[in-house]
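have a look at this fold, sequence not included:
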């Protein structure tokens, strides 16, 4: 979780949320399943939304992710990207490109280390109260309840 916490992300959580209660969610800003997950989870759980461009057109995806990461209000930018299915494209500076590359490398290394997992977005890392980590790949209606149950220790 320490490595995941260092990645460039959008922090969507109430102030004062304990560090151990954040889910880390890799997402592609163009992914409809990521959109559904954000819609269901926004305001319901504390999360770090880590942009990773894995769907086609990497240039367009990187511009969208850069727009989110460079926004003054990253949560609002993420919400706008999902609501408009585009959001505001940003300039992909060398610094932002490096951050997105680091996110992509972390994402790839997770799946390389766990060949039983099939890569996909969203990929959610959910800490359990006992310190173990649950990994959920993909999103379907109702998965938000499963994620909250894992956070609560059920």
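Yep, that arrived. Given the structure is predicted, the values throughout are model-derived calculations rather than measurements.

check what pLDDT residue 151 gets.
Turning to residue 151, the model gives it a pLDDT of 89.

how close does the nearest residue to residue 51 once chain neighbours are set aside sit to residue 43?
Take residue 51 and drop its neighbours on the chain: the residue closest to it by Cβ to Cβ, 6 or more residues apart in numbering is residue 65, 3.9 Å away. (Each C-beta comes from the backbone N, C-alpha and C, glycine too.) According to Cβ to Cβ, to the nearest Å, residue 65 and residue 43 sit 22 Å apart.

tell me which of those two has more neighbours.
Taking other Cβ atoms under 10 Å, residue 65 and residue 43 do not tie; residue 65 has more neighbours (33 against 10).

is that one in contact with residue 100, as I believe?
Yes. Between residue 65 and residue 100 there is a contact under Cβ atoms under 8 Å: 5.7 Å.

who touches both of those two?
51-53 (Cβ atoms under 8 Å, 6 or more residues apart in numbering).

closest one to residue 30 out of those residues, please.
residue 53 (8.4 Å; Cβ to Cβ).

count the residues that sit near that closest one.
Here the number of neighbours of residue 53 (other Cβ under 10 Å) works out to 25.

same thing with residue 118?
For residue 118, using other Cβ under 10 Å, the count is 10.

distance of it from residue 24?
On the measure of Cβ to Cβ, residue 118 and residue 24 end up 18 Å apart.

report the mean confidence score over the longest helix anywhere in the chain.
Counting residues, the longest helix found in the chain (DSSP state H) is helix 94-113. What helix 94-113 shows for mean pLDDT is 94.

can you list contacts of it?
With Cβ under 8 Å, 6+ apart, helix 94-113 has contacts from 3-4, 7-8, 26, 50-54, 62, 65-66, 69-70, 90, 92, 117-119, 123.

all strands for this protein, in order.
Applying DSSP state E to the chain gives strands spanning 10-12, 22-27, 46-51, 123-127, 133-137.

from residue 151, how far out is the nearest residue to residue 38 once chain neighbours are set aside?
Among residues not flanking residue 38 along the chain, residue 82 sits closest, at 5.4 Å (Cβ to Cβ, 6+ apart). Residue 82 sits 22 Å away from residue 151, going by Cβ to Cβ.
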